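Asker: below are the sequence and a predicted model; questions follow.
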Amino acid sequence: MPRQAVAAFLILLLILLSGMLSGTAHADATVACTFNGKAVQAIINNSKDGPRSCNATCVWSYNNVLYRGAGGAVLGAGESKTIYNNTAPMKIDGVAASGITCNR
């Protein structure tokens, strides 16, 4: 297996494991990993039950290469914020993984 594929797999595995082991993810806040061509965005959506602080990660893929974006925000009840907005080197094929952790 090429080195790049192994490195991409290990990054994806670490992201997935950190989300499973954190125990602080809430269904009350979600992350949306959007893409249009080479443009990518990660958006945190908070529920209406109260404020919270969240960190999120999105992993997109292009030509079997992973592209990662992450960020955090303090959100009020019902608020949404773009935490990552960038342009990938190539047209994105899809979302490989995502994860979110919040303080409550």
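Answerer: Yep, it's here. Just so we're clear, the structure is a prediction, and the values are computed from it rather than from any experiment.
Asker: give the buried residues for stretch 44-55.
Answerer: Under the neighbour-count criterion of 16 or more other C-beta atoms under 10 Å, stretch 44-55 has Ile44, Asn45, Asn46, Arg52, Cys54, Asn55 buried. Yep, even glycine has a C-beta here, placed from its N, CA and C like the rest.
Asker: low-scoring pLDDT stretches of this protein, where are they?
Answerer: 1-27 (pLDDT under 70).
Asker: so who does Val95 touch?
Answerer: Cys33, Phe35, Cys58, Val59, Trp60, Ser61 (C-beta atoms under 8 Å, 6 or more residues apart in numbering).
Asker: sort out for me which of the residues you listed are in helices.
Answerer: Among these, DSSP state H puts none in helices.
Asker: return the distance of Tyr84 relative to Asn46.
Answerer: Distance, Tyr84 to Asn46, by C-beta to C-beta, to the nearest Å: 16 Å.
Asker: one more: Ala96?
Answerer: 24 Å.
Asker: same question, Trp60
Answerer: Distance from Trp60 to Asn46, by C-beta to C-beta: 23 Å.
Asker: would you list every one of the strands in the chain?
Answerer: 29-36, 39-46, 52-62, 65-75, 80-87, 94-102 (DSSP state E).
Asker: residues of stretch 58-67 that come out buried?
Answerer: Counting neighbours by 16+ other C-beta under 10 Å, stretch 58-67 gives Cys58, Val59, Trp60, Ser61, Tyr62, Val65, Leu66, Tyr67 as buried.
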